[in-house]
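J.: task: produce atomic coordinates for the following.
(one chain, ligands or ions: 3)
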Amino acid sequence: MTTSHSLLLGQLRQAVGAANVLTQGDLSAYEQDWRKRETGKSLAVVRPANTLEVAAIVKACVAAGVSIVPQGGNTGMVVGSTPDATGTQIVLSLLRMNSVRALDGGNLTVTVDAGCVLQNLQEVCEKAGFLFPLSLAAEGSCTIGGNLGTNAGGTQVVRYGNTRELCLGLEVVTAQGEIWDGLSGLRKDNTGYDLRHLMIGSEGTLGIITGATMKLYPLPVAQLTAMAAVPSLDAAVQLLGLAHQHLSAGLTGFEVMGKFALRLVTKHFPQQRVPFQDSDAPYCVVLENSDQESEAHARERFERLLEVAMAAGCVLDAVVAESITQARALWHIRESIPLAQAQEGLNIKHDISISVSRIPEFVRLTDAQLEQAYPGVRLVNYGHLGDGNLHYNVQAPAGADAEAFLRDDEKGVNTIVYDMVDQFKGSISAEHGVGSLKRDKLEHHKSPVALGMMRAIKQALDPQNTMNPGRVLRA
Ligand code: FAD
Ligand code: S2G
Ligand code: ZN
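T.: Ligands and ions are numbered 1, 2, ... in the order given. Here you go, the predicted model:
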């Protein structure tokens with residue numbers, strides 16, 4: 001270890017306490033990404049308790065010329081929150097900064113530390129009688145800072161938008177170690193560039209989010225969830241159109257799940273009762289209606305929708321949850337798909353968005369190309385159809401070596417999928433961000449003008465490349 005590194009570690013121990021500067025033992029929770037694709041090596045994992053300590057860490061790292069990887073729950077999907085293999089980077093974990101600072105019911109806002117785990121925030125708000133509507137399968141471990149860092153989407157975007165739309169203000173430690181207090185709960189503030197939106201989705205490459213003021217909503221009076229078996233993706237899209245018509249703002253979730261994706265859930269989580277397993281419906285949909293009126297009113301509208309959809313032939317069969325437990329069980333099936341995939345083995349993920357109306361055609365063409373190029377390949381197709389975001393994932397053929405498939409075929413598979421995404425004017429990363437995993441693809445798929453502007457912003461805000469170098473943009 002160089003002298004400047006040991007000097008830095010001394011300063012960091014001074015700043016946050018020796019117990020919060022981790023350099024030994026099993027650090028895989030911080031140094032390996034959730035998908036177990038990459039394992040890095042940090043100079044140290046540093047766990048500050050508050051914003052002033054974050055600022056002190058950044059200042060010390062800048063002086064020592066050491067770069068920082070900001071980290072929340074480390075559930076990211078694009079290798080954006082773990083250190084590289086050089087052993088020269090600091091992982092700055094926000095997990096100790098996990099308190100809810102203030103909840104202002106009258107202003108419908110809540111101000112929270114960046115390291116607050118999403119599920120904790122949901123629960124605190126619900127106890128106070130409010131809804132914080134961001135929801136994703138990683139909510140038990142992901143943090144608000146990471147949700148903002150990646151502009152996370154999840155299962156309620158169709159009604160509430162991405163994390164970006166839920167954020168009113170930020171507190172950020174800049175790449176120079178200064179503290180920007182932008183924690184306004186104002187819904188209108190047109191005083192210059194919107195720095196908040198620059199930071200949201202920047203994946204730790206422009207600064208470290210240490211606090212945020214987020215929007216709250218009234219708790220819904222009634223929440224109804226159904227699972228429907230549909231004869232095709234076209235039928236799923238038709239059902240979405242009917243759901244918008246019949247439920248309008250009440251539609252809070254609309255997720256599609258391919259038959260093979262559901263089969264993985266049954267295989268790896270046999271205790272879960274997945275409806276319609278023996279039907280030959282190629283897809284199922286989980287949809288949710290939240291209503292401020294009565295449960296009876298919500299149920300009546302929901303049943304009317306399903307009646308019309310069945311009469312139109314776009315729903316073959318449906319179950320409406322009779323209780324919160326049953327509703328949670330249906331959502332649990334959907335949220336278990338990524339976990340079932342992980343248990344099935346390493347897989348090639350495509351987190352893409354296409355105009356909803358064109359998704360069936362995209363899937364038909366891409367499925368055909370993949371099946372031709374890679375016979376036996378298994379398509380795990382599911383996701384947030386309500387907002388046009390598919391998790392169009394590819395598992396190695398049954399019995400094949402998943403690791404070898406990833407190593408030898410990921411590039412070819414990605415090329416087929418992403419070229420088709422381009423043809424359909426879609427996005428190669430709908431909600432997970434770019435990280436280091438998609439950085440080179442971004443250069444290929446993003447316009448040179450956009451890339452130039454992004455580089456100019458990075459150069460202006462982090463000229464020393466302290467913040468998460470090599471993520472989103474090449475270092
Ligand atoms: P991390 O993984 O720790 O970091 C993610 C990125 O944000 C990194 O670039 C990191 O440097 C940066 N970052 C973290 N904290 C800060 C901070 N305080 N300031 C600045 N930058 C920061 N994502 C979705 O969008 N929708 C889904 O539906 C979804 N489902 C998932 C399901 C599962 C089972 C899993 C494992 C992941 C899923 N994800 C989903 C991906 C992941 O949960 C999200 O990207 C989440 O927002 C990451 O939060 P995190 O706290 O784990 O961040
Ligand atoms: C989800 C998880 C990532 C994946 O569950 O919505 O974002 O593709 C995904 O498994
Ligand atoms: Zn998702």
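J.: grab the nearest non-local neighbour of the residue of the stretch 351-475 of the chain found nearest ligand 2.
T.: At 3.7 Å from ligand 2, residue 391 is the closest residue in the stretch 351-475 of the chain, using CB to the nearest ligand atom. Using the backbone N, CA and C atoms, a C-beta is placed for each residue, glycine as well. Once flanking residues are discounted, residue 391 sits nearest to residue 383: 4.0 Å by CB to CB, 6 or more residues apart in numbering.
J.: where in this protein is pLDDT low?
T.: Within the chain, no range satisfies pLDDT under 70.
J.: could you redo the last one with a cut-off of 90?
T.: 1-3, 184, 278, 291-295, 297-298, 346, 475 (pLDDT under 90).
J.: and the residue in the stretch 101-250 of the chain that ligand 2 sits nearest to, how far is that from residue 418?
T.: Proximity of the stretch 101-250 of the chain to ligand 2 (CB to the nearest ligand atom) peaks at residue 137, 4.4 Å away. Between residue 137 and residue 418 the computed distance is 24 Å (CB to CB, to the nearest Å).
J.: and the helices in the stretch 201-350 of the chain?
T.: Here the stretch 201-350 of the chain has its helices, by DSSP state H, counting those that start in this stretch, at 233-247, 259-268, 295-311, 324-335, 337-344.
J.: how about TSV for the ones you listed, with distance to residue 68 added?
T.: Converted to TSV, those look like this (distance: least, CB to CB, whole Å):
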stretch	distance to residue 68
helix 233-247	42
helix 259-268	37
helix 295-311	47
helix 324-335	31
helix 337-344	28
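J.: what's the closest of the ones you listed to ligand 2?
T.: Closest approach to ligand 2 among the helices of the stretch 201-350 of the chain (CB to the nearest ligand atom): helix 337-344, 3.3 Å.
J.: neighbouring contacts of the closest one?
T.: 35, 137, 257, 261-262, 264-265, 267-269, 347, 380, 382, 391, 393, 395, 402 (CB atoms under 8 Å, 6 or more residues apart in numbering).
J.: show me which of those neighbour ligand 1.
T.: Filtering the contacts of helix 337-344 for proximity to ligand 1 (criterion: CB under 6 Å from any ligand atom) leaves residue 137.
J.: tell me the residues of the stretch 201-350 of the chain that contact ligand 1?
T.: 203-204, 208-209, 338-339.
J.: how about the residues you listed, which pair is most distant?
T.: 208 and 339 (29.3 Å; CB to CB).
J.: who has more neighbours out of those two?
T.: residue 208 (28 against 15; other CB atoms under 10 Å).
J.: contacting residues for the more buried one?
T.: Residue 208 touches 54, 58, 68, 70, 92, 94, 114, 145, 172-173, 467, counting by CB under 8 Å, 6+ apart.
J.: tell me the bridge partners for residue 180.
T.: residue 172 (DSSP bridges).
J.: check residue 143 too.
T.: Assessed by DSSP bridges, residue 143 has beta-bridge partners residue 117.
J.: re earlier: contacting ligand 2 as well, which ones from the residues of the stretch 201-350 of the chain next to ligand 1?
T.: residue 338.
J.: find the helix or strand that the residue nearest to residue 391 is a member of.
T.: Assigned by DSSP states H and E, residue 383 belongs to strand 378-384.
J.: in terms of secondary structure, what does that strand contact?
T.: Contact analysis of strand 378-384 by 3 or more CB pairs under 8 Å, 6 or more residues apart in numbering; DSSP states H and E lists strand 251-258, helix 259-268, helix 337-344, helix 359-373, strand 389-395 as its packing neighbours.
J.: state the distance from residue 387 to residue 427.
T.: Distance of residue 387 to residue 427, computed by CB to CB: 11 Å.
J.: do residue 239 as well
T.: 24 Å.
J.: and the closest residue to residue 142 other than its chain neighbours, what does it touch?
T.: Spatially, and ignoring its direct neighbours in sequence, residue 142 is nearest to residue 73 (4.2 Å; CB to CB, 6+ apart). Applying CB under 8 Å, 6+ apart, we find residue 73 in contact with 95, 117, 138, 141-143, 146.
J.: thanks again, I'm all set now.
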